[in-house]
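> need coordinates for the following:
(3 chains)
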Amino acid sequence: MKLSTETQTGAELQWHRIKLIENPLIRNGLALLAVAYIFWSVGSLEIEWARVAHGLPRAVKMITRMIPPDFGRWQLLIRGMLESIQMALVASFLGMCLAVPLGICGAGNLVPKPVYLIARSIIILSRTFHEIVVAILFVKIFGFGPLAGILTLTLGSTSFISKMLAEDIENMTPGQIEAIRATGANFPKLLIYCISPQALPRYLGVSIYRLDANIRHSTVVGIVGAGGIGQVLAASFSRYDYDFSLAILLTIIALVFLGEFFSNWVRSQLR
Amino acid sequence: MLEIIRLSKVYPTGTVALQDVSFTVDTPQVVTIIGPSGAGKSTLIRCINRLVEPTSGKVMLDDIDVRSLNRRELCKVRRRMGMIFQEYNLVERLTVMENLLSGRLGYVGFWKTYRRKFPPADVVAAFKLLDRVGLSGYQDTRADALSGGERQRVGISRALMQQPDLLLVDEPTASLDPKTSRQIMRLLVELAHEHGTPALVNIHDVGLAQSFADRIIGLSEGRIVFDGTSQQVTAEVLTEIYGEEDWSTTIRKIEEDNDQDTQKGASKHKDRMTRETAA
Amino acid sequence: MTVRQNIEKYPEVWHRFSPRETLMRYVWYLGTVFVAVWSISKLDIPWFYFLDAHVQAKDLAVRMWPPDWDFANQLVKPLIETIHIATLGTFITILIAFPVAFLAARNTTFNALTWFVGRFILVASRSVNTIVWGLLFVAIFGPGPLAGIWAIAFRSIGFMGKLVAEAIEEIDKGTVEAIEATGASRLQVLWIGILPQVLPVIYGTTVYRWDINIRESSVLGFVGAGGIGILLYSSINQFMWQEVTVILIAVLGVVIASEFLSATVRQRIS
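Residues are numbered from 1 along each chain as shown, chains lettered A, B, ... in the order given. Sure thing, here's the model as predicted:
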């Protein structure tokens, strides 16, 4: 044991000297470029340095106003949080359901080319815009409130889960699919007997991860009026109620912490 | 039974995999197809059940022209052809029993498939086959927990669960060690004979092919260059299939192997037969 | 022979799952549906909004078309600023995320307390959305790209730190032991033994996060934190939907280009 460790030492040490980019000229050139970029970009940004100079004292002031966090309005806080959680749950559920057909259609090894291309472009398009932008459009169409928020989160969940599902199906060993097709199984049976058992654990894992993410995202769609705790948070900021803001932020952090615990537990159960 | 008429396959890339391949299998015999890699062996097997669409020619199973079938009819014909693969191609996360029963997918309805409710006769047949291939007690083991040899036994059982009229076997032993290879080939040939099912077996190992085949077809660059019994395989034949090489050692080794093996195989086969008739 | 026949009676039924497992499965199905339905019913959603949704959507579409192409000239500068915010934010992230990941990885942290602190920073960073970080930093630095850069950086620390910490936890222990055996200090172990092993992960996640950050920095302007978002927000508020279309198309182009670039670089690395 001892001997093997010792013999390893020299070889391993040398091995780690291998650089990502072999050519020193290119490597150092890239580093130089990066430094040049930083100077250029910082120089070109319009930053009011006078204002920034006040930043530190302002930050101190803000923090002193934040501490201690004010949980006095806990009813408002709980109501907002509950709304966010409910939005996240509904959106995750809808996303899970919608992602199955979309994910299957986005798997190039299962469906004809045109179906694949359509499904993939839907997935890509719905991923491009930040949820805030989507939320604004939905608020315009469906009015203020949680409905716009749910739809925003559903869109995000669907595209995320279906992208993962499609990639997962594409990465399956083609042999299994071929073998089940060779037994004379039709497409639905292929899905139920071969694709679903192979893809299910990861699909559930991704869905639960997405639930976690939706809780986080649901805090922000509220800022543009799409319901949930975000609305309360934005209001507290605009009224300079920083102590209440901190209370909200801490609650969100605690919830995300719990959500992570829960999703880890479920994923360990799935094997 | 199976008739291949002037079958050709050209891939979209322009590769010509098969050219005018014709042959007939009309008795329950084990036909091995030998040839160098890239000769079109896999393509030939897959053209028969249309996992690969042939470019031209005909595949006749009894009176059915396989190429003219629509999707639905194709499923019905596919369930008459059991297929065995080099990489076993089991559904990894399913149990051994589920993998065996997947051979019945062509017969069982969707909802029953979903609930894994297969007819009693299928379940009995599956347990019987498990016993026969030496895997009794493994029904609830997941396929990804099996060794290579065990997986191939499940693969063979799955194909036989279809009660096929024809076995299509693609390099069944290429991923196995030499000893397991022989065991698997022997099992395969025995089972094909027991069920009276003709089998088309792709194999690149000339020794194994000669040991177990009733008939050998040699494929080279997409054409049939030899069709005969294992005794007829000579150095000249091998040269025609694979190209110039000193074949003397290969052939001698085969003949020795052959002797030993046919004896062992025959005695074992007899053993099995008595057991089978007793049952 | 007769004995043998009896033994060879094979079972006629076979169940994949025990009745309990089957029951549990249906309990999960029902539970999931119940939770979803309960949530919806609690949210008191104005369903009648769906009735005129298509009218509203059509109205919006009509107002958005055709794009006001003349407006495109004004977009170049804010777009570059958006990219700068994302890139500089990502740079800062690298500097902060690695030490934090070092604390948050079980095999390199000092003690239980430092581990907890590391984990807390990571979770806190990820729980707070970039926009919310933006709100905070605008309050500190005033409106402008600097607030955006810090918002991007603070949100990305959690993302990168988590992935790097996981990578540190999975590194080859032999190398670290070997370097410790040479009598190296803790910092040297970190520098020679650990950093080179996780460097590919750092590069990969950096590029990946940069691509996400482009998307995020495009909306930071909504809270005044610089970039194209400022224009987008004002155009929306003034109902200049034809300008909105142009901005959205521009953002679409930049996001897709950055995604493509990041995918190519990541492929090169691995």
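
> which non-adjacent residue is nearest residue B:213?
Closest residue to residue B:213 in three dimensions, ignoring its sequence neighbours and counting by Cβ to Cβ, 6 or more residues apart in numbering or on different chains: residue B:32, at 4.0 Å. Using the backbone N, CA and C atoms, a C-beta is placed for each residue, glycine as well.

> and the one you found, what does it touch?
Residues in contact with residue B:32, defined by Cβ atoms under 8 Å, 6 or more residues apart in numbering or on different chains, are B:201-203, B:209, B:212-213, B:215-217.

> which among those residues gets closest to chain C?
Taking Cβ to the nearest Cβ as the measure, chain C lies nearest residue B:212 of the contacts of residue B:32, at 27.6 Å.

> among the contacts of residue B:32, which ones are in strands?
If you go by DSSP state E, those have B:201-202, B:215-217 in strands.

> do the strand or helix carrying residue A:166 and chain C meet?
Counting by DSSP states H and E, the element that carries residue A:166 is helix A:146-170. Yes: Helix A:146-170 comes into contact with chain C when judged by Cβ under 8 Å from any Cβ of the partner chain, the residues involved being A:146-147, A:150.

> could you work out the most separated pair of the ones in strands among the contacts of residue B:32?
With Cβ to Cβ as the measure, no two of the ones in strands among the contacts of residue B:32 lie farther apart than B:202 and B:215, at 13.7 Å.

> which one's more surrounded, these two?
The neighbour count for residue B:202 versus residue B:215, taken as other Cβ atoms under 10 Å in any protein chain shown, is higher for residue B:202 (27 against 18).

> which elements pack onto the strand or helix carrying residue B:240?
Taking DSSP H and E as the criterion, residue B:240 maps to helix B:235-242. Applying 3 or more Cβ pairs under 8 Å, 6 or more residues apart in numbering or on different chains; DSSP states H and E, we find helix B:235-242 packed against strand B:215-220, strand B:223-228, helix B:248-278.

> comparing those by mean pLDDT, which bottoms out?
Of all these, the minimum mean pLDDT falls on helix B:248-278 (a mean of 50).

> how about low-confidence regions in the chain?
Just so you know, I chose chain A. For chain A, applying pLDDT under 70 flags the ranges A:1-22, A:271.

> please go with chain C instead
C:1-8, C:270.

> so which residues of it form helices?
Counting by DSSP state H, chain C has helices at residues C:2-7, C:19-42, C:53-64, C:76-104, C:112-127, C:130-141, C:145-169, C:173-181, C:186-188, C:195-217, C:229-237, C:241-269.

> export the ones you listed as CSV, with columns for mean neighbour count and distance to residue A:251.
Converted to CSV, the helices of chain C look like this (neighbours: other Cβ atoms under 10 Å in any protein chain shown; distance: least, Cβ to Cβ, whole Å):
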stretch, mean neighbour count, distance to residue A:251
helix C:2-7, 8, 66
helix C:19-42, 12, 19
helix C:53-64, 13, 33
helix C:76-104, 22, 22
helix C:112-127, 18, 10
helix C:130-141, 25, 13
helix C:145-169, 25, 17
helix C:173-181, 17, 39
helix C:186-188, 10, 37
helix C:195-217, 21, 23
helix C:229-237, 20, 27
helix C:241-269, 17, 32
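
> to chain B, which of these lies closest?
Distances from chain B to each of those were compared using Cβ to the nearest Cβ; the shortest belongs to helix C:2-7, at 6.0 Å.

> between the contacts of residue B:32, which is nearest residue C:214?
residue B:202 (51.2 Å).

> contacting residues for that closest one?
When the contact criterion is Cβ under 8 Å, 6+ apart, the partners of residue B:202 are B:32-33, B:41-42, B:44-45, B:169-171.

> please redo it, this time with the cut-off set to 7 Å
Contacts here follow Cβ atoms under 7 Å, 6 or more residues apart in numbering or on different chains; on that basis residue B:202 touches B:33, B:41-42, B:45, B:169-171.

> ok, now residue C:210?
By Cβ under 7 Å, 6+ apart, the residues touching residue C:210 are C:86-87, C:90, C:262.

> distance to residue C:123 added to those, as a markdown table?
Shown next, in a markdown table, are the contacts of residue C:210 (distance: Cβ to Cβ, whole Å):
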| residue | distance to residue C:123 |
| --- | --- |
| C:86 | 23 |
| C:87 | 26 |
| C:90 | 20 |
| C:262 | 25 |
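
> ok so, going back, which among the residues of helix A:146-170 next to chain C count as buried?
A:146-147, A:150 (16 or more other Cβ atoms under 10 Å in any protein chain shown).

> residue of the stretch 151-279 of chain B nearest chain A, please.
Nearest residue of the stretch 151-279 of chain B to chain A (Cβ to the nearest Cβ) works out as residue B:162 at 6.1 Å.

> tell me who's in contact with that residue.
Residue B:162 touches A:183, B:79, B:82, B:103, B:106, counting by Cβ under 7 Å, 6+ apart.

> any idea which of the ones in strands among the contacts of residue B:32 is closest to residue A:215?
For residue A:215, the nearest member of the ones in strands among the contacts of residue B:32 is residue B:202. The distance, counting by Cβ to Cβ, is 53.9 Å.

> just the pLDDT for the nearest residue to that closest one once chain neighbours are set aside.
Counting by Cβ to Cβ, 6+ apart, the nearest residue to residue B:202 once its immediate chain neighbours are dropped is residue B:41, at 4.2 Å. If you check residue B:41, the pLDDT there is 90.

> separation between residue C:26 and residue A:265?
When distance is defined by Cβ to Cβ, to the nearest Å, residue C:26 is 21 Å away from residue A:265.

> with residue A:241 instead?
Residue A:241 sits 35 Å away from residue A:265 when distances are taken as Cβ to Cβ.

> between these two, which is the more surrounded one?
Neighbour tally, residue A:241 and residue A:265, criterion other Cβ under 10 Å: the higher count belongs to residue A:241, 18 against 10.

> now that one. Its backbone dihedrals?
In this entry, residue A:241 is assigned phi and psi values of phi -80, psi 70 (degrees, to the nearest 10).

> and if you look at the one 3 residues further on?
Here the main-chain torsion angles of residue A:244 (degrees, to the nearest 10) amount to phi -70, psi -40.

> since we're on it, how many residues are nearby?
Residue A:244 has 23 nearby residues by other Cβ under 10 Å.

> do I have it right that it meets residue A:73?
Yes: taking Cβ atoms under 7 Å as the contact criterion, residue A:244 and residue A:73 are neighbours in contact, 6.2 Å apart.

> pull the contacting residues for the residue of chain A found nearest chain B.
Minimum separation of chain A from chain B (Cβ to the nearest Cβ) falls at residue A:184, amounting to 3.0 Å. Neighbouring residues of residue A:184 by Cβ under 7 Å, 6+ apart: B:75-76, B:78-79, B:105-106.
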